[in-house]
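*Asks:* Sequence first, then the predicted structure:
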Amino acid sequence: MIRFRLLWTHFFALICLLFASCANVVAPSGGDKDTQAPSLLQASPSNFSTNFSQKKITLEFDEYVLTKDPQTQVVISPPLKYPLEYLSKGKALQIKFSDTLLPNTTYNLNFGQCIVDLNEANPLPEFNYVFSTGSFIDSLRLEGVVKDALTGSTEKGVLVMAYSENIDSLPYKKIPSYFDRTDESGHFSIQNMAQGSYKLIALQEKNNNYLFDNPDEEKIGFLDSVVIPIYVAPPVNDTLQKDTLNTDTLQKTSKVKLHAEHSLPGLAIKVFTEKKEKQALKKWNYERIGKLQLLYNIPVNKLNYELLAPLSNNTWESVEYSTQRDSILLWFNDTISDSLHLRIWADTFPADTLHLSYRKLKKEAGGGKSKINRSANEVWQLQLPGTGMDPKGSILVSSPNPIQFADFTQALLISGKDTFSVKVKNDSLSARKFKVYYPWKEEKEYSFLIPPKALEDMYGKGNDTLKTTFKIKALKEFGNLKLSLKMENGKDACILQLLNEKGVMVREKQVLNGGTIQFPLLNPGNYGLRLLVDANQNGVWDTGKYLHHIQPEKVIIYSGKVEVKANWDLDLDWVVK
């Protein structure tokens, strides 16, 4: 009896232990995250096939795959008229052609990052599928980089097109023989090219049609002469690939260089937006009565206008140019007339006639039958800086409307118990702006006050009391740059630009034959230097013109470090070749 009870006790303990283990369920481990790209097992027809006549390519991988953004990722050279069709079938990818392929032509399909696995979207990087409709695979190549002509920065996604003909009209009318798109670093590599000379054009297109049909917005770049691609030896183990030229032919040809490695001498193409030569009024904005904005295609030297219908109570008009002179404001101190009828001339170009109705435009913009807002003409204020500035700075006085009367003798500049008079200069481009000058003392605090009615805008509205307090920064808070510029030929007129860290020009000076240039009172930070060679000495940097075979004026970027420190004088030497 005792033995039986002992056995039962052990059995009961074993049952409890089993239930306890079942209660603590541990989720199975999913393993490490898949980071491997899909691997190609087989291609049908095989890669580097010759005498290709198929309408379909099948690629088989070691895992399930799909395509991601093939319209922008896949680059096909020479280009096809119709897009490819992609069909994912498990671990296979089918690519179908709708085009009739050109005879005796090598095609290169670069899939970019298009092919990814199903689970983690790991891409198969830069996979190329090459085939020829002829009896051999062409194996010549052109490589290089595309940069912006002005900034020198590399350009991503630019179409680099190679034409077997040398005709100026090609980029306007014909798709290229071969092409590639620049990568993240601005580099391109046009591969599997046939023997010959090629016209090379870079195009930052907007509508993906391989044509230069939007010169106002598309950047273009070109080389001054045709180029000849060089030979790149195929992989040693690739017995399927036959080359356009054999070794003996290559060694006897001075125009083609045999290059056993894949590092090729690069071409450099600079892209630019062409200078617009034909003036055009792009748009206008009659945003409120008395204010008309005109936007032009190119800068306007002189605008003339004629009112075709008199305004109700107009006695004062003003023309205001933007800094670039391509945007112009026309002001009329009429607050009653709803319509504006006028003829305008930009320089010597044909006149434009405008018939504008503020009520009609407001209705078309969704205002319905709402009352015309005339109160906008009555809102008038001045804007004064309220922060510290450098000892050679000025106060900007500006108004939303042109100022027709200003009595700055009433203005007060106060520092401590002293009151000073100031010098005032009106802006040459705008009747809404004035600059106030004074020989400021560093680290001193000033108050500037304009009493009521000292200024009056074109609508007869005066200002309220305006006051600001500011402190002049100490000279030790700034740095100075002294540049010794040496031009090797000593004959170039140039424009020297100082750029901030974002590449924006902050100072500019005209330079002739080099010399010593000083940039005082700079805020501490890193800067860049850019030298624009002003070949025609017109005081501005001129872009190029493709049809006239005109390249942009040369731009030279200083490659060194320009670090300006507070309370420090930086001396730099720059020898320009």
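*Replies:* Perfect, thanks for sending it. Numbering: from 1, shown residues only.

*Asks:* Model confidence score at residue 208, please.
*Replies:* The score at residue 208 is 78. That number is its pLDDT.

*Asks:* any weak-confidence spans in the stretch 251-400 of the chain?
*Replies:* Within the stretch 251-400 of the chain, the ranges that satisfy pLDDT under 70 run 251-265, 359-388.

*Asks:* what number of residues lie near the closest residue to residue 117 other than its chain neighbours?
*Replies:* Using C-beta to C-beta, 6 or more residues apart in numbering and skipping the chain neighbours, the partner closest in space to residue 117 is residue 38 (4.7 Å). The way it works is simple: take the backbone N, C-alpha and C, and place the C-beta from them, glycine included. Neighbourhood size, residue 38 [other C-beta atoms under 10 Å]: 22.

*Asks:* Same check on residue 419?
*Replies:* Neighbours around residue 419, by other C-beta under 10 Å: 11.

*Asks:* can you check residue 402 too?
*Replies:* Residue 402: 22 neighbours (other C-beta under 10 Å).

*Asks:* cool, residue 135 as well?
*Replies:* Residue 135, neighbours per other C-beta under 10 Å, totals 9.

*Asks:* thought it was touching residue 52?
*Replies:* No. Assessed by C-beta atoms under 8 Å, residue 135 is found out of contact with residue 52, at 10.6 Å.

*Asks:* Can you give me the distance of the residue lying closest to residue 197 once chain neighbours are set aside to residue 191?
*Replies:* Nearest residue to residue 197, sequence neighbours excluded (C-beta to C-beta, 6+ apart): residue 226, at 4.2 Å. With distances taken as C-beta to C-beta, to the nearest Å, residue 226 is found 19 Å from residue 191.

*Asks:* Settle it for me: which of those two has more neighbours?
*Replies:* Shown here are residue 226 and residue 191; by other C-beta under 10 Å, residue 191 has more neighbours (20 against 15).

*Asks:* How about the contacts made by residue 133?
*Replies:* 51, 52, 53, 101, 102, 103, 104, 105, 107 (C-beta atoms under 8 Å, 6 or more residues apart in numbering).

*Asks:* rerun at 7 Å
*Replies:* Contacts for residue 133 (C-beta atoms under 7 Å, 6 or more residues apart in numbering) come out as 52, 101, 102, 103, 104, 105.

*Asks:* Repeat that for residue 464.
*Replies:* residue 452.

*Asks:* where's it relative to residue 447, distance?
*Replies:* Look at residue 464 and residue 447: by C-beta to C-beta, they are 16 Å apart.

*Asks:* Tally up the residues packed near residue 512, please.
*Replies:* Neighbour number of residue 512 under other C-beta under 10 Å is 13.

*Asks:* mind checking how far it is from residue 499?
*Replies:* Distance, residue 512 to residue 499, using C-beta to C-beta: 21 Å.

*Asks:* what bits of the stretch 451-577 of the chain have low per-residue confidence?
*Replies:* Scanning the stretch 451-577 of the chain with the threshold set as pLDDT under 70 gives 490.

*Asks:* let's see 80
*Replies:* 489-492 (pLDDT under 80).

*Asks:* Surely the residue nearest to residue 197 and residue 170 touch.
*Replies:* No. Using C-beta atoms under 7 Å, residue 226 is not in contact with residue 170; the gap is 11.8 Å.

*Asks:* Give the intersection of the neighbour lists for those two.
*Replies:* Residues touching both residue 226 and residue 170 by C-beta under 7 Å, 6+ apart: residue 199.

*Asks:* Just the strands from the stretch 351-500 of the chain, written as ranges.
*Replies:* Along the stretch 351-500 of the chain, counting by DSSP state E, counting those that start in this stretch, strands occupy 352-357, 395-398, 403-406, 412-415, 418-420, 423-426, 433-437, 445-450, 455-457, 466-471, 479-487, 493-499.

*Asks:* between the last one and strand 479-487, how big is the angle?
*Replies:* Between the axes of strand 493-499 and strand 479-487, defined by axes from the mean of the first three to the mean of the last three C-alpha atoms, to 10 degrees, the angle is 150 degrees.

*Asks:* Contacts only, for residue 146.
*Replies:* 154, 155, 158, 160, 182, 186, 188, 202, 221, 269, 271.

*Asks:* For the residues you listed, which PyMOL command selects only the ones that are buried?
*Replies:* To isolate the buried ones among those in PyMOL, judged by 16 or more other C-beta atoms under 10 Å, type:
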select buried, resi 154+155+158+160+182+186+188+202+221+269+271
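
*Asks:* Secondary structure and distance to residue 323 for the contacts of residue 146 - can I get that in CSV?
*Replies:* Below are these laid out as CSV (DSSP: H, G, I helix; E, B strand; the rest coil; distance: C-beta to C-beta, whole Å):
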residue, secondary structure, distance to residue 323
154, strand, 29
155, coil, 26
158, coil, 29
160, strand, 35
182, coil, 32
186, coil, 30
188, strand, 36
202, strand, 30
221, strand, 28
269, strand, 31
271, strand, 25
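
*Asks:* and of the contacts of residue 146, the nearest to residue 330?
*Replies:* Using C-beta to C-beta, residue 271 comes nearest to residue 330 of the contacts of residue 146, at 36.0 Å.

*Asks:* my read: that closest one touches residue 205, true?
*Replies:* No. Checked against C-beta under 7 Å, the pair residue 271 and residue 205 is beyond contact range at 11.0 Å.

*Asks:* Buried ones among the contacts of residue 133?
*Replies:* 52, 101, 105.

*Asks:* measure the nearest residue to the second one once chain neighbours are set aside to residue 53 for me?
*Replies:* Which is residue 101. Spatially, and ignoring its direct neighbours in sequence, residue 101 is nearest to residue 133 (5.2 Å; C-beta to C-beta, 6+ apart). Residue 133 is 7 Å from residue 53, where distance means C-beta to C-beta.

*Asks:* What of residue 500?
*Replies:* Distance from residue 500 to residue 53, by C-beta to C-beta: 59 Å.

*Asks:* Spit out the contact partners of the residue nearest to residue 117.
*Replies:* 61, 62, 63, 65, 115, 117, 124.

*Asks:* go with 8 Å
*Replies:* Residue 38 touches 61, 62, 63, 65, 115, 116, 117, 122, 124, counting by C-beta under 8 Å, 6+ apart.

*Asks:* what would the residues you listed look like in TSV with distance to residue 455, neighbour count and secondary structure?
*Replies:* Output for the contacts of residue 38, formatted as TSV (distance: C-beta to C-beta, whole Å; neighbours: other C-beta atoms under 10 Å; DSSP: H, G, I helix; E, B strand; the rest coil):
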residue	distance to residue 455	neighbour count	secondary structure
61	75	19	strand
62	78	12	coil
63	75	17	coil
65	71	25	strand
115	68	26	strand
116	65	18	strand
117	70	21	strand
122	67	19	coil
124	69	20	coil
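
*Asks:* The closest residue to residue 107 other than its chain neighbours: neighbour count?
*Replies:* Spatial nearest neighbour of residue 107, excluding adjacent residues (C-beta to C-beta, 6+ apart): residue 131 at 5.7 Å. For residue 131, the neighbour count with other C-beta under 10 Å is 24.

*Asks:* close enough to count as contact, residue 131 and residue 50?
*Replies:* Yes. Residue 131 is within contact range of residue 50, at 7.4 Å (criterion: C-beta under 8 Å).

*Asks:* Can you pull the residues that touch both of those two?
*Replies:* residue 137.

*Asks:* what about the helices in the stretch 301-450 of the chain?
*Replies:* For the stretch 301-450 of the chain, applying DSSP state H, counting those that start in this stretch gives helices covering 358-362.

*Asks:* actually the stretch 101-250 of the chain, not the one I wrote
*Replies:* Ranges of helices within the stretch 101-250 of the chain are 170-173, 247-252, based on DSSP H, counting those that start in this stretch.

*Asks:* where among those is the average confidence lowest?
*Replies:* Across these, the stretch with the lowest average pLDDT is helix 247-252; it has a mean of 36.

*Asks:* returning to what we had before: which of residue 500 and residue 53 has more residues huddled nearby?
*Replies:* Per other C-beta under 10 Å, whichever of residue 500 and residue 53 has more neighbours is residue 500, with 15 against 9.

*Asks:* For residue 480, see how far away the more buried one is.
*Replies:* 16 Å.
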